[in-house]
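In: this one's structure only:
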């Protein structure tokens, strides 16, 4: 034992009698006191260590998870990582643990590890929609728009009531000028949250606007650099370059896309048209599918230039039926009917075209300080959108009017009548206030 002396007692002397007991010598006494203190300290340390081990083992995994989440919220990343390590040793990973692992990896700037962890969460777990949202945000931060879009669409598939994934998708679609997809996300979002004036303005603006080409070129270039297989960004960048008059650059951007890609073909045709190479444009158009709406609109444009009314009518009918809100398709079909000597068929379209013109004029007013402060503009927007056939937008404007003045009986009645005529989508829950 530690208290025993390391040497045996000296043998008894015949002359001096028995040797003095070691306990009675001052040095021996100090040694025994020192040993006693050492034992006490060691015992105390052992007790403390044992208590720590017991205490560590007694912490439930769920408490470790909660502590790690609090650490993340308080930006104590190192503490969160240590708690995650303890949690990993305490139990096999659960879906919420993979979520925590992904969050810690995001905080530590390890995007690949974060995405790998979030992918472990099965679709049927409650945190799966948030995991897909996080994945989409990571990918968008890395300029991988194609992968971000896939993850964000998965998030809203799993939980259609989520708002943030739709906001992220709207940003991507806006950059790529994908009007139909953008409008669908705005419409879905309007069913689950109350949109603000700025949201509705941008929704309406994106029906027909074209971004300043130079403003988005850098963003689209980054998307392509990060993911050369991003077809949508490639098409958008090529269109940007074309509108800037950078025809060779636009053709270079389009080069990786196959010759039978209808949208790439449409962009190549528009480049030739801008260069006034009409014969080559027509020859290229003949190689594309006959039922593609974008190619049909371009074919109708060529037919009108040749004064070929029947051909223009045929092509513009395809384009208009695919997108009645497209101004070019509407006016092109009107001119085709007139060229064919059928003004009576053009008459109903004139009303639709006038509604589109009224809508575009109102959008321009929305952007002005006077328009923003005009209390009647919101109600006018609802009426004009309804006349133009933009039903989700009209409903959202009426909801905004009621949100600003819940006692507005006129708007309440207008929304009731509107919903009777145009029932809202049954797939999504009632809108909730925006947080």
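Out: Received, thanks. Here the structure is a predicted model, which means the values were calculated and not measured. Numbering: from 1, shown residues only.
In: and the residue nearest the centre of this structure?
Out: What sits nearest the mean C-alpha location of the chain, by Cα atoms, centre = their mean, is residue 168, with 2.8 Å.
In: what comes up buried for the one helix or strand it maps to?
Out: Per DSSP states H and E, residue 168 falls inside helix 164-175. Buried positions in helix 164-175, judged by neighbour count with 16 or more other Cβ atoms under 10 Å: 165-166, 168-175. The way it works is simple: take the backbone N, C-alpha and C, and place the C-beta from them, glycine included.
In: what of stretch 257-273?
Out: For stretch 257-273, by 16+ other Cβ under 10 Å, it's 257, 263-273.
In: before we move on, back to that, give me the pLDDT value at the residue nearest to the centre of the chain.
Out: Looking at residue 168, its pLDDT is 98.
In: next up, the contacts around it.
Out: Applying Cβ atoms under 8 Å, 6 or more residues apart in numbering, one finds that residue 168 lies in contact with 133, 136-137, 140, 148, 152.
In: could the buried residues of helix 164-175 go into TSV alongside distance to residue 358?
Out: Output for the buried residues of helix 164-175, formatted as TSV (distance: Cβ to Cβ, whole Å):
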residue	distance to residue 358
165	33
166	28
168	32
169	29
170	25
171	29
172	30
173	25
174	24
175	28
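In: what number of residues lie near the spatially closest residue to residue 398 that is not a sequence neighbour?
Out: Spatial nearest neighbour of residue 398, excluding adjacent residues (Cβ to Cβ, 6 or more residues apart in numbering): residue 415 at 4.4 Å. Number of residues near residue 415 (other Cβ atoms under 10 Å) recorded here: 19.
In: mind checking the SS state of residue 415?
Out: Three-state assignment for residue 415 (DSSP: H, G, I helix; E, B strand; the rest coil): helix.
In: any idea how far it lies from residue 233?
Out: Applying Cβ to Cβ, to the nearest Å, the value for residue 415 to residue 233 is 39 Å.
In: with residue 366 instead?
Out: In terms of Cβ to Cβ, residue 366 sits 28 Å off from residue 233.
In: next one: residue 108
Out: Relative to residue 233, and taking Cβ to Cβ, residue 108 is found at 29 Å.
In: the two: which has the busier surroundings?
Out: residue 233 (28 against 14).
In: so who does that one touch?
Out: 145-146, 175-176, 220, 223-224, 227.
In: name the nearest residue to it, ignoring sequence neighbours.
Out: Nearest one to residue 233, counting by Cβ to Cβ, 6+ apart, is residue 223 at 4.0 Å.
In: and the angle from the helix or strand harbouring that neighbour to helix 164-175?
Out: Assigned by DSSP H and E, residue 223 belongs to helix 213-226. Helix 213-226 runs at 110 degrees relative to helix 164-175, counting by axes from the mean of the first three to the mean of the last three Cα atoms, to 10 degrees.
In: state the mean pLDDT of helix 213-226.
Out: Here the average pLDDT along helix 213-226 is 91.
In: gap between that helix and the chain center?
Out: How far helix 213-226 lies from its chain's middle: 17 Å, per Cα atoms, centre = their mean, to the nearest Å.
In: so the helix or strand just after that helix versus helix 164-175, what angle?
Out: Once the chain leaves helix 213-226, the next helix or strand it forms, by DSSP H and E, is helix 231-243. Here helix 231-243 points in a direction 30 degrees away from that of helix 164-175 (the same axes, to 10 degrees).
In: right, and the helix or strand after helix 231-243?
Out: Next along from helix 231-243, by DSSP H and E: helix 247-254.
In: which residues are in contact with whichever helix or strand comes after that following helix?
Out: Per DSSP H and E, the first helix or strand lying C-terminal to helix 247-254 is helix 262-274. Residues outside helix 262-274 that contact it (Cβ under 8 Å, 6+ apart): 235, 238-239, 242, 245, 247, 250-251, 254, 257-259, 278, 280-281, 284-285, 287-289, 292, 294-295, 298, 301.
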